[in-house]
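*Asks:* Mind folding the following:
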Amino acid sequence: MSPARAVQQGQTKRAAIILAGALSFSLIVSSCSVANSNHGDAASADTLRIVLQEEPPTLEACDVSMTAIGVVTRSNITEPLMERNPATGDLEPKLADSWELTSDRQWTIKLHPGVTFSDGTPFEAADAAHSIERTVNSDLACNVEGYVFGDANLDVQVIDPLTLTVASPEADPILPLRVSFIEMVPRTTSMTERVREPVGTGPYAIDYWNAGQRLSLVRNDTYWGEAPEFSRADYQWRSEGSVRASMVLNGEADLATSLGPEDGAGDLGVAYPNNETTAVRIQLEEPPLDDIRVRQAINYSINRNGIVKALFRGLGTPAEQLISKGVIGFNEDLQPWPYDPEKAQQLIDEARADGVPVDTEIRMIGRTGQFPKVNETLEVIQNALSELGMNVSIEMTDSAGTAEYQERPFPDVGPYLLIIQHGNQAGDAAFTADQYMRSDGFQSAGGTAEFDERVNDAGEKTGEARQEAYGQLFADEPKDIMQMAFIAHMNGVLAKSASVDYTPNSATVDEMHLAAMTHADPTETD
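*Replies:* Numbers count the residues shown, from 1 in each chain. Predicted coordinates for the structure are as follows:
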């Protein structure tokens, strides 16, 4: 037996063990204990103790569309002018009381009076204008800019201390929804440098951040809205889901995020639809991935049903598009790409016969803790591609490590596959299509000028015409371009102490509002 064949057989056995073991795995409660950091505050009934899967790289307000940042910053430290209700889809007032379309491109926004930042300075239209300019029009290359606005700059004008106007380059029917992603910061905030610890108007302010150990927020006693119930929130981070679950079970934490069903949360685990979709993004420019037959083969080789059933324990559904049900543009008629290894092999063989270098090494890049069982998911996909004769290596890294591969401009490093997880919290397909389906999109691996025009056209429509246009885009992109191999629409699991009352929703994975958490009523029972 050749060394290559021996390695391939080893990969096959490993993947089979992963799938079979996951199917037979019992939910076991871990008994390991994790010590608190040494900053010193003892556990208090008035302190929320939250354990995340990773430490935020920063709390920069203009990067809150990154999950690791938004889950701490958004609507806790800083706040937007308006925010979308994840249950109804309605855009509701926050720091703005109203917004009105006053021309074909311009919206007039009225601010709520009497709001102050946590440092005591008043929040006025000049601060709102500065925040918009900083996020969208500056050279900071904020994540929110790429995710929500692309290359479009906004014209922002202060009318009076409580009034401003915002105009887009072209008519944009969802401009207020886009603006809802911009968190407000003081006008003194740098336009040229990111701020690791921002000042905001939110119900909490940063107390201290011991890098690598603990982040603590304290209640903002000058908050303009209803005071949150807990006076403090302490964040820690542990990469292993079973450890995070154990911390809640052992009384060391009140909430643990991003768990898998196998992590042992037991009766304290709460499952919820998180509207995240996992996928393999395929870079289109380097051979062999520039050949659509190879991309089709990758799609045919992925056993989505097996991954969802075995690795995710049924918490999710095989994905057929990058958005989930409830988002404008979701196409009800689409079905997941069929699992057909024989067809995949036929396509690879055809490409090889035509001189496509199908055995070129391809890197498959994933983020540690990106979703439960991410490592095993990559190994199963790697094995399936190895069975086709493809040469795929796995690289796992952290958020900072994957960022250079995720966002334009991409590095010139040869062919690679990137495991992505996309959640459209805004509820409109524009926020997916603009960044993933345009050829120059912030996180797009490629496309065509013709398809770009269709994306632009869809974005100008309203009502049912908008729904139909985006739905057709999701149907046609795999045929015309195919830069994705979708995996699953995910469900989340959160471990919650019985002492805390909190109901997670589809936005929880990206923004976890501390003000929505209260002390549980000890007289209530399930």
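*Asks:* Residue 471: what secondary structure?
*Replies:* Using DSSP: H, G, I helix; E, B strand; the rest coil as the criterion, the local structure at residue 471 reads helix.
*Asks:* Likewise for residue 144?
*Replies:* Using three-state DSSP, the secondary structure recorded for residue 144 is helix.
*Asks:* Surely it and residue 65 touch.
*Replies:* Yes. Distance between residue 144 and residue 65: 4.9 Å, which falls inside the contact criterion (CB atoms under 8 Å). Placement of C-beta: from N, CA and C, glycine included.
*Asks:* list the residues that contact both of these two?
*Replies:* By the contact definition CB atoms under 8 Å, 6 or more residues apart in numbering, residue 144 and residue 65 are jointly contacted by residue 181.
*Asks:* The residue nearest to residue 93 when sequence neighbours are not counted - how many residues pack around it?
*Replies:* By the measure of CB to CB, 6 or more residues apart in numbering, the closest residue to residue 93 outside its immediate chain neighbours is residue 82, 5.8 Å from it. When counting by other CB atoms under 10 Å, one arrives at 21 neighbours for residue 82.
*Asks:* mind checking pLDDT for residue 82?
*Replies:* If you check residue 82, the pLDDT there is 97.
*Asks:* residues touching it, list them.
*Replies:* With CB under 8 Å, 6+ apart as the criterion, the residues that contact residue 82 are 91-96, 99, 176, 179-180.
*Asks:* Go again with 7 Å.
*Replies:* Residues near residue 82 by CB atoms under 7 Å, 6 or more residues apart in numbering: 91-94, 96, 99, 176, 180.
*Asks:* Keep only those of those that are in strands.
*Replies:* When those are checked against strands (DSSP state E), the matches are 91-93, 96, 99.
*Asks:* Who wins on neighbours among those?
*Replies:* Each of these was scored by neighbour count (other CB under 10 Å); the top score is that of residue 96, with 23 neighbours.
*Asks:* Skipping its backbone neighbours, what lies nearest it in space?
*Replies:* Taking CB to CB, 6+ apart as the measure, residue 96 lies nearest to residue 81, with 3.9 Å between them; neighbours along the chain are not counted.
*Asks:* I figured the one you found was touching residue 95, is that so?
*Replies:* Yes. Applying CB atoms under 7 Å as the test, residue 81 and residue 95 come out as touching, 4.9 Å apart.
*Asks:* overlap in contacts of these two?
*Replies:* Residues within reach of residue 81 and of residue 95 at once, by CB under 7 Å, 6+ apart, are residue 184.
*Asks:* what about the helices in the stretch 51-200 of the chain?
*Replies:* Under the criterion DSSP state H, counting those that start in this stretch, the stretch 51-200 of the chain contains helices at 67-73, 125-132, 143-144, 175-179.
*Asks:* mean confidence for the second one?
*Replies:* Same thing as helix 125-132. Mean pLDDT, taken over the full extent of helix 125-132, equals 98.
*Asks:* What of the shortest one?
*Replies:* Confidence for helix 143-144, expressed as mean pLDDT, is 92.
*Asks:* Same question for the last one.
*Replies:* Confidence for helix 175-179, expressed as mean pLDDT, is 96.
*Asks:* Mind listing residues that contact stretch 334-350?
*Replies:* Identification of contacts with stretch 334-350 by CB under 7 Å, 6+ apart yields 293-294, 296-297, 299-305, 318-321, 358, 387-389, 474-475, 486.
*Asks:* buried ones in that stretch?
*Replies:* Under the neighbour-count criterion of 16 or more other CB atoms under 10 Å, stretch 334-350 has 336-337, 339, 344-345, 347-348 buried.
*Asks:* Also stretch 131-148?
*Replies:* Applying a neighbour-count criterion of 16+ other CB under 10 Å, the buried positions in stretch 131-148 are 131-138, 140, 142-148.
*Asks:* on that earlier part again, relative to residue 495, which of the helices of the stretch 51-200 of the chain is closest?
*Replies:* Of all those, the one in closest proximity to residue 495, counting by CB to CB, is helix 67-73 (15.1 Å).
*Asks:* Would you mind writing the CA trace of the closest one as PDB?
*Replies:* What follows is helix 67-73 as a C-alpha-only set of coordinates in PDB (Å, rounded to 0.1, in the frame of the first residue of the first chain):
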ATOM      1  CA  THR A  67     -19.900  38.400  16.400                       C
ATOM      2  CA  ALA A  68     -17.100  38.300  19.000                       C
ATOM      3  CA  ILE A  69     -17.400  42.100  19.400                       C
ATOM      4  CA  GLY A  70     -21.100  42.700  18.900                       C
ATOM      5  CA  VAL A  71     -22.100  40.200  21.500                       C
ATOM      6  CA  VAL A  72     -20.500  42.400  24.200                       C
ATOM      7  CA  THR A  73     -20.600  45.900  22.800                       C
END
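*Asks:* Name the surrounding residues that touch that helix.
*Replies:* So helix 67-73 is contacted by 52, 54, 56-61, 63-64, 183, 215, 235, 399, 509-512 (CB under 7 Å, 6+ apart).
*Asks:* Kindly recompute the last result at 6 Å.
*Replies:* Outside of helix 67-73, the residues that reach it under the criterion CB atoms under 6 Å, 6 or more residues apart in numbering are 54, 56, 59, 63-64, 399, 510-512.
*Asks:* who wins for neighbours among those?
*Replies:* Among the contacts of helix 67-73, where neighbours are counted by other CB under 10 Å, the top count belongs to residue 64, at 29 neighbours.
*Asks:* which residue sits closest to it in space, ignoring its chain neighbours?
*Replies:* Taking CB to CB, 6+ apart, and ignoring the residues beside it in sequence, residue 64 has residue 70 as its nearest neighbour in space, at 4.0 Å.
*Asks:* count of residues packed around the one you found?
*Replies:* The local packing of residue 70 (other CB under 10 Å) involves 26 other residues.
*Asks:* I figured residue 78 hits residue 197, correct?
*Replies:* No. Using CB atoms under 6 Å, residue 78 and residue 197 do not qualify as a contacting pair, with a distance of 11.1 Å.
*Asks:* between the two, who's got more neighbours?
*Replies:* Each of residue 78 and residue 197 had its neighbours counted (other CB under 10 Å), and the higher figure belongs to residue 78 (26 against 14).
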